[in-house]
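>>> pasting a predicted model and its sequence here:
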2 protein chains.
Amino acid sequence: MKKIITEIRKEQIAQAALDTISVHGMKGLNIANVARKVGIVPSGIYRHFKSKEKILYAIFDLIKQKLLSNVALACEQTSDPIERLKRILSLHTQLILQNKSILRVFFSDDTYSGYLHRNETKYKIISDYLNKIVEIIQQGQANGQIRKDLDTQMLSVLFLGIIQPAAILGHLSNEQFDLTKHVGKAWEFFSESILAA
Amino acid sequence: MKKIITEIRKEQIAQAALDTISVHGMKGLNIANVARKVGIVPSGIYRHFKSKEKILYAIFDLIKQKLLSNVALACEQTSDPIERLKRILSLHTQLILQNKSILRVFFSDDTYSGYLHRNETKYKIISDYLNKIVEIIQQGQANGQIRKDLDTQMLSVLFLGIIQPAAILGHLSNEQFDLTKHVGKAWEFFSESILAA
DNA sequence: CTCCTATGTGAATTTATATTCACAATATAA
DNA sequence: TTATATTGTGAATATAAATTCACATAGGAG
């Protein structure tokens, strides 16, 4: 019975929960599974998280970090707006393929009254992400690469639309649908369509 | 204790379940709620459906019908491919706004091992829908309206991307995000981009 | 080394649901 | 009208999980 300080345990638990969701989905996320994966007993989880719900919020945080760090990385690699978008798309595709949990977490239905707050949190994460996209698009408009007659928010949501429905199809079809190929083609079409004449 | 033949009851139950999901989400879908809404006692449900899971499949069927009848309606109204796509988009937007359950059902996470088959069914429904879209796009390519260099399947998925991410944002934000407005703008951009020169 | 606090344990509790079953009431055909 | 199949009822059963709690122990501070 090894003791580990709560700071570390919290990370282990959040990661274990994320992994559990990757494999077994939201419904498969239970304290017993997480505890086993961490190597402690179910009740031990409660030394570190007040409730299962709190663990979920830790997961939200992990996902948020992953998303935003992709944006940051792409922005470091290049200053060209179009190129930035392309890299974000590529990174995002990889992220989704490697972390199935992201889809599972965001596309679970949390309409339940007890989960009121989950959707707010999800919305905030996506909004923050989209705002970054909007900024990049605006840079592209400012430097004359991207058509100025297009609404930036609309484009940012459509940008999400390049990957999201395809990711869901991939998930539903057990990866029969080729996400990477779709994103490649869709980006080609999207990027040429937003270019200034 | 009014008796009603199972044929009718089944429809009542499926509809009640659909309504329940609209308001309370997938997690809020329980036999007690459905039974109360139908006006019978929980155990009575089992005279008509072998299990809760079977009810869900009845719901899948309802949704499938709604989706495909929209496509059929649009195709009756006009024979112009571009116009067809536009009407489908409009009908689909209304459908989603009026039947919140569709989002809830499709965007619930059914990775759980016991629900293996759900995703197959969902995938089949979406695939059928997308195939119709592909056909319409091909008509447009055949008559010279739509660019022939674009992959039709990619376009159909992207077409879905006009509405789907936006619908999710609307849902997550408690309808703060204006779905109708987004779809209008996005369609304008999308349709002009696919037009043959 | 000895306390003291943080962490881990196992059993018990609670809650929420689906599902079953024996029995009752209805409707329909004869 | 009566028999029979269908549908509805209420109580009981089964199961799955989250959560609590009293107790145990590790490990650093002093």
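Looks like it came in fine.
>>> from here on, contacts and neighbour counts on C-alpha atoms
Will do.
>>> and A:Arg36, what does it touch?
A:Arg36 makes contacts with A:Pro42, as judged by CA atoms under 8 Å, 6 or more residues apart in numbering or on different chains.
>>> and if we set it to 10 Å?
Contacts for A:Arg36 were tallied using CA atoms under 10 Å, 6 or more residues apart in numbering or on different chains; they are A:Ala16, A:Pro42.
>>> can you confirm whether the one helix or strand in chain A whose mean pLDDT sits lowest lies near chain B?
In chain A, no helix or strand scores lower on mean pLDDT, DSSP states H and E than helix A:100-106, which sits at a mean of 93. Yes: shown here: helix A:100-106 in contact with chain B (CA under 10 Å from any CA of the partner chain) through A:Leu103, A:Arg104, A:Val105, A:Phe106.
>>> same thing with stretch A:136-145?
No: applying CA under 10 Å from any CA, one finds stretch A:136-145 separated from chain B by no less than 15.2 Å.
>>> in that stretch, which residues are buried?
For stretch A:136-145, the neighbour count (16 or more other CA atoms under 10 Å in any protein chain shown) marks A:Ile136, A:Ile137, A:Gln138, A:Gln139, A:Gly140, A:Gln141, A:Gln145 as buried.
>>> which one of the residues you listed is nearest DNA strand D?
Closest to DNA strand D out of these is A:Ile136 (40.2 Å), distances taken as CA to the nearest atom of the strand.
>>> domains of chain A?
A:1-50, A:60-194 (automatic domain parsing).
>>> which of these sits closest to B:Glu76?
Judged by CA to CA, the one of the domains of chain A that comes nearest to B:Glu76 is domain A:60-194, at 27.0 Å.
>>> quick check, the closest one touching DNA strand D?
No: Domain A:60-194 is not in contact with DNA strand D by CA under 7 Å from any atom of the strand; minimum separation 10.7 Å.
>>> work out the gap between that domain and the centre of the chain.
For domain A:60-194, the distance from its own C-alpha centre to the chain's C-alpha centre is 8 Å (CA atoms, centre = their mean, to the nearest Å).
>>> name the helices or strands packed onto the least confident helix or strand of chain A?
Packing partners of helix A:100-106 (3 or more CA pairs under 10 Å, 6 or more residues apart in numbering or on different chains; DSSP states H and E): helix A:6-24, helix A:52-77, helix A:81-98, helix A:116-142, helix A:152-172.
>>> what comes into contact with it?
Residues from elsewhere that reach helix A:100-106 (CA under 10 Å, 6+ apart): A:17-27, A:56, A:59-60, A:62-64, A:66-67, A:95-97, A:107-108, A:118-119, A:122-123, A:126, A:164, A:167-168, A:171, B:107-111, B:168, B:172.
>>> can you do 7 Å?
Residues from elsewhere that reach helix A:100-106, judged by CA atoms under 7 Å, 6 or more residues apart in numbering or on different chains: A:Leu18, A:Ile21, A:Ser22, A:Gly25, A:Met26, A:Ile63, A:Ile96, A:Lys122, B:Asp109.
>>> list the buried ones in it?
A:Lys100, A:Ser101, A:Ile102, A:Leu103, A:Arg104, A:Val105, A:Phe106.
>>> over to stretch A:173-183?
A:Ser173, A:Phe177, A:Leu179, A:Thr180, A:His182, A:Val183.
>>> columns secondary structure, pLDDT and distance to B:Arg9 on top of the residues you listed, output as JSON lines?
What follows is the buried residues of stretch A:173-183, written out as JSON lines (DSSP: H, G, I helix; E, B strand; the rest coil; pLDDT from 0 to 100; distance: CA to CA, whole Å):
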{"residue": "A:Ser173", "secondary structure": "coil", "pLDDT": "95", "distance to B:Arg9": "33"}
{"residue": "A:Phe177", "secondary structure": "coil", "pLDDT": "97", "distance to B:Arg9": "38"}
{"residue": "A:Leu179", "secondary structure": "helix", "pLDDT": "98", "distance to B:Arg9": "41"}
{"residue": "A:Thr180", "secondary structure": "helix", "pLDDT": "98", "distance to B:Arg9": "45"}
{"residue": "A:His182", "secondary structure": "helix", "pLDDT": "98", "distance to B:Arg9": "43"}
{"residue": "A:Val183", "secondary structure": "helix", "pLDDT": "98", "distance to B:Arg9": "45"}
